[in-house]
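1. With the input below, show me the fold.
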Amino acid sequence: MQTFPLESINVKEAMLKQFKLVDCMTKVFPGNEILTRGDLGVVPGLNKPETTKNVEHVIADFFGAEDCMLVRGSGTMAIRYALYKAIKPGKTLLIHDAPIYPTTKVSLDMFNINVLKVDFNDLNKLRDILEREDIDGALIQLTRQKPDDSYDSQQVIDLINEALPKLPIVTDDNYAVMKIPKIGVEMGGTLSCFSTFKLLGPEGIGCIVGPKDIISELKKDNYSGGLQVQGHEAMDVLKGLTYAPVSLAISAETTQSVCEDLNNSAVSGVKRATIANAQSKVLLVELNEPIAKEVLKSAKQLGAAPHPVGAESKYEITPMFYRVSHTFLESDASLEKRMIRINPMRSGPETVKRILNEAIQNVKAEKAKHSNE
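-> Numbering: from 1, shown residues only. Presented below is the predicted three-dimensional model:
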């Protein structure tokens, strides 16, 4: 299997992102306020906590955007709000010809948005459909939806902006923020949407970054007190964003190291290893035998996390050994029996290789035992 993972920033580049974010904080928060947990409630004239407004200011500055909005409902709700305001219900949305992420499909169905698919991997096809069809907006997922996806989001955004300069472009930046050099709005997209839970932040908080006119309208629609992100939650978003880039860069380097070792026969029973964005940047490990499910069960007993919490959330420390994603399985259902995905999370290469090796050998030993009975 040939894959085309997104190019991760290195630790040095991640450090610079951390430094930039902290610099943005100092321009918005007095030193004493950054040491607090923030305020609560719907402040008169603002309709949200003052702390939340300031955190949104910091995030907008960091990404070079006009405005930012923190929302309840994680990345799913961020994308849903963006589609509602930028594309409008009943309109036509251009998307990549690939399995649609399940929660995004619910949003599209909810708004009765018509979907027009084109292969983003083929810029000629994209250019042709932009010239021929009536399109009201585009949705670009920065991470991969199929194993063989290779499109460059910057090139796709540039082509759309060139052909239809006023077309709103919503980007799904989940699993890409703080891992790659730029997010959607920094590439020329209209609205970037992502979950802060995937960036060491609090549960259930999403983020939309983009132009002031659109986000101001969203803030008016989002007026209820119960929908406001409270000050302490916004502060936790900021803290998570501070530590995420370096942590994620270390994980990316660990993934690369393990991949090279596995392809150099470091673990018996592994046919090959590949790095892919599925959706996080992970190792796809193909086994010599169709024992993937059994290996996953054994790995859990050896200390591996058996499932994601928020896909690289603050709770995920031990390496995750998990099934291949549904969107990848839609491309090749046979992968379920012979392939697993591994995300090192905060662990090192030796821990990942040890657990994988012991899990495979345990399964083989159990099979041999039963065959001799």
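2. Show me how this protein divides into domains.
-> Using automatic domain parsing, the domains assigned to the chain come out as 11-244, 245-368.
3. how about TSV for these, with mean pLDDT, mean neighbour count and distance to T3 added?
-> The C-beta positions use only the backbone N, C-alpha and C, and glycine is treated the same way. Shown next, in TSV, are the domains of the chain (pLDDT from 0 to 100; neighbours: other CB atoms under 10 Å; distance: least, CB to CB, whole Å):
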stretch	mean pLDDT	mean neighbour count	distance to T3
domain 11-244	96	19	5
domain 245-368	92	19	4
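4. Out of these, flag the one nearest P5.
-> domain 245-368 (4.8 Å; CB to CB).
5. now the closest one: how far from the chain's centre is it?
-> Distance of domain 245-368 from the chain centroid (CA atoms, centre = their mean, to the nearest Å) equals 18 Å.
6. For it, measure first residue to last.
-> Its first and final residues considered, domain 245-368 spans 45 Å by CA to CA, to the nearest Å.
7. Need the three-state assignment for I208.
-> Classification of I208 using DSSP: H, G, I helix; E, B strand; the rest coil returns strand.
8. Tell me what it is bridged to.
-> Beta-bridge pairing of I208 under DSSP bridges involves M69, C193.
9. one step back: export the domains of the chain to CSV and tack on distance to P5?
-> Shown next, in CSV, are the domains of the chain (distance: least, CB to CB, whole Å):
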stretch, distance to P5
domain 11-244, 7
domain 245-368, 5
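10. ranges for the helices of the chain?
-> 11-26, 50-62, 74-82, 102-110, 123-132, 153-163, 184-187, 212-221, 231-262, 292-301, 326-331, 335-338, 349-372 (DSSP state H).
11. possible to save those as JSON lines with distance to L93?
-> Below are the helices of the chain laid out as JSON lines (distance: least, CB to CB, whole Å):
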{"stretch": "helix 11-26", "distance to L93": "31"}
{"stretch": "helix 50-62", "distance to L93": "25"}
{"stretch": "helix 74-82", "distance to L93": "11"}
{"stretch": "helix 102-110", "distance to L93": "7"}
{"stretch": "helix 123-132", "distance to L93": "12"}
{"stretch": "helix 153-163", "distance to L93": "12"}
{"stretch": "helix 184-187", "distance to L93": "15"}
{"stretch": "helix 212-221", "distance to L93": "16"}
{"stretch": "helix 231-262", "distance to L93": "28"}
{"stretch": "helix 292-301", "distance to L93": "35"}
{"stretch": "helix 326-331", "distance to L93": "18"}
{"stretch": "helix 335-338", "distance to L93": "29"}
{"stretch": "helix 349-372", "distance to L93": "39"}
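12. Return the residues in contact with the residue nearest the centre of the chain.
-> By CA atoms, centre = their mean, the chain has its centre lying nearest to Y175, at 1.7 Å. Residues near Y175 by CB atoms under 8 Å, 6 or more residues apart in numbering: L142, T143, K198, N277, Q279, S280, K281, A311, E312.
13. List the contacts of the residue lying closest to F63 once chain neighbours are set aside.
-> Closest residue to F63 apart from its sequence neighbours, by CB to CB, 6 or more residues apart in numbering: V209 at 5.1 Å. Taking CB under 8 Å, 6+ apart, we find V209 in contact with I59, A60, F63, A65, D67, C68, I183, V185, L191, S192, C193.
14. what about 10 Å?
-> Each residue near V209 by CB atoms under 10 Å, 6 or more residues apart in numbering is listed here: 56, 59-60, 62-69, 78, 82, 171, 173, 177, 183-186, 189, 191-194, 215.
15. what do you get for L167?
-> Counting by CB under 10 Å, 6+ apart, L167 touches A86, I87, L94, L130, I135, D136, G137, A138, I160, N161, T190.
16. just Q18 next, same as before
-> Counted by CB under 10 Å, 6+ apart, Q18 has contacts M178, L241, T242, Y243, A244, P245, V246, S247, A249.
17. I'd say the fifth one and S195 touch.
-> No: with contact defined as CB atoms under 10 Å, A244 and S195 do not form a contacting pair (11.6 Å).
18. which residues do the two both contact?
-> By CB under 10 Å, 6+ apart, A244 and S195 have these common neighbours: V177, G201.
19. could I get stretch 80-96 in PDB with only the CA atoms?
-> Provided in PDB are the C-alpha atoms of stretch 80-96 (Å, rounded to 0.1, in the frame of the first residue of the first chain):
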ATOM      1  CA  ARG A  80     -21.700  22.300  11.300                       C
ATOM      2  CA  TYR A  81     -21.800  26.000  12.200                       C
ATOM      3  CA  ALA A  82     -19.400  26.800   9.400                       C
ATOM      4  CA  LEU A  83     -21.500  25.000   6.800                       C
ATOM      5  CA  TYR A  84     -24.700  26.600   8.100                       C
ATOM      6  CA  LYS A  85     -23.400  30.100   7.800                       C
ATOM      7  CA  ALA A  86     -20.900  30.000   4.900                       C
ATOM      8  CA  ILE A  87     -22.700  27.500   2.600                       C
ATOM      9  CA  LYS A  88     -26.300  27.700   3.600                       C
ATOM     10  CA  PRO A  89     -28.900  24.900   3.700                       C
ATOM     11  CA  GLY A  90     -30.000  23.500   0.300                       C
ATOM     12  CA  LYS A  91     -27.000  24.700  -1.600                       C
ATOM     13  CA  THR A  92     -24.300  22.800  -3.500                       C
ATOM     14  CA  LEU A  93     -21.000  21.900  -1.800                       C
ATOM     15  CA  LEU A  94     -17.900  20.700  -3.600                       C
ATOM     16  CA  ILE A  95     -16.100  17.900  -1.700                       C
ATOM     17  CA  HIS A  96     -13.400  15.300  -2.400                       C
END
